[in-house]
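Colleague: Provide a 3D model corresponding to the input given below.
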Amino acid sequence: MDLETLVDQFKAKNMTAFEKLYEMYKESIYGVIYNIVRQHDIAEEIMQDVFVKIWNKSESYSKDKGRFFTWILNISRNAAIDTIRSKTYKTEKQNLNTDSFVDIIETEDNLDIKTDAIGIKQFVSKLAEKCKDVIELLYFKGYTQSEASEKLDMPIGTVKTRNRNCIKDLRDLVLN
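Modeller: Numbers count the residues shown, from 1 in each chain. As a prediction, this is how the structure comes out:
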C-alpha cells in the first residue's frame, strides 16, 4: 500500500493504518525526541503522546503543506522542546541521580542509528558545513534559533536565513 493511501485511511480514523504508520515512524520519532530530552522514559512518553495527538488531529494534516513525516516530526520536535522548557522537567532534571547520567553516556553512541532510521543524515552530510551545523542544532539537538545563534556565535537573523536556505537545499536533495 502506498503512503498516500495509508495516510488517507489514517485521516479517516482507520486503526490498521495508524498501526502501520506507527511502526514505520516510531524509531525515527523516538530518536529525534530522545536527542532533545536525553531521557529514555520521557522520550517514550512524549512519543506516545505525539502519536495520540496526531490521531486526534489527523484531519489537520494536509499534503499540500508538506510531507506526512515532516508533519509528525514537527509535532514531535515541538512536544520535546515544550517538555524541556517546562517547569516540571527543569525541577526533575535538578533531582537526577548519577545513574541517569551513566545511562545517557552509555547510550549516546547509538543515537545516530535511532535518529537516522529514514536515512536523513545521509542527505544532511551532503550539505555545506554551515548548513550541517545549523540543522544539527535546530533539528537534531532541539536548540531554539536564539540558542543556536549563541552557540554558533552568529546573529539570529543569519541563523534564520541559513535555516530556511539549508532546509530548501535539503528538500531539493531528498526530492531529487
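
Colleague: buried sites along stretch 69-82?
Modeller: By neighbour count on 16 or more other CB atoms under 10 Å, the buried set for stretch 69-82 is 69, 71-73, 75-77, 79-81. Just so you know, the C-beta spots here come from the backbone N, C-alpha and C atoms, and that holds for glycine as well.

Colleague: Tell me the one of the residues you listed nearest Asn163?
Modeller: For these, the residue nearest Asn163 by CB to CB is Arg77; the value is 13.1 Å.

Colleague: helices or strands next to whichever strand or helix holds the closest one in the packing?
Modeller: Following DSSP states H and E, one finds Arg77 within helix 68-85. Here helix 68-85 touches helix 15-37, helix 40-56, going by 3 or more CB pairs under 8 Å, 6 or more residues apart in numbering; DSSP states H and E.

Colleague: wait, which of the ones you listed is closest to Asp8?
Modeller: With CB to CB as the yardstick, what comes closest out of the helices and strands packed on helix 68-85 is helix 15-37 (8.1 Å).

Colleague: What average pLDDT does that closest one get?
Modeller: Throughout helix 15-37, pLDDT has a mean value of 93.

Colleague: just the CA coordinates of it, formatted as CSV?
Modeller: Output in CSV follows, covering the C-alpha atoms of helix 15-37 (Å, rounded to 0.1, in the frame of the first residue of the first chain):
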residue,chain,number,x,y,z
MET,A,15,-6.8,1.9,13.2
THR,A,16,-4.9,-0.5,11.0
ALA,A,17,-3.5,2.4,9.0
PHE,A,18,-2.5,4.1,12.3
GLU,A,19,-0.7,1.0,13.4
LYS,A,20,1.3,0.7,10.2
LEU,A,21,2.3,4.4,10.3
TYR,A,22,3.3,4.0,14.0
GLU,A,23,5.5,1.0,13.0
MET,A,24,7.0,3.0,10.1
TYR,A,25,7.9,6.1,12.1
LYS,A,26,8.3,5.2,15.8
GLU,A,27,12.1,4.7,15.7
SER,A,28,12.7,8.0,13.9
ILE,A,29,10.4,9.9,16.1
TYR,A,30,11.8,8.4,19.3
GLY,A,31,15.3,9.2,18.1
VAL,A,32,14.5,12.9,17.4
ILE,A,33,12.7,13.3,20.8
TYR,A,34,15.5,11.4,22.7
ASN,A,35,18.1,13.6,21.1
ILE,A,36,16.4,16.6,22.7
VAL,A,37,15.3,15.3,26.1
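
Colleague: tell me the angle that helix makes with helix 68-85.
Modeller: Interaxial angle, helix 15-37 versus helix 68-85 (axes from the mean of the first three to the mean of the last three CA atoms, to 10 degrees): 40 degrees.
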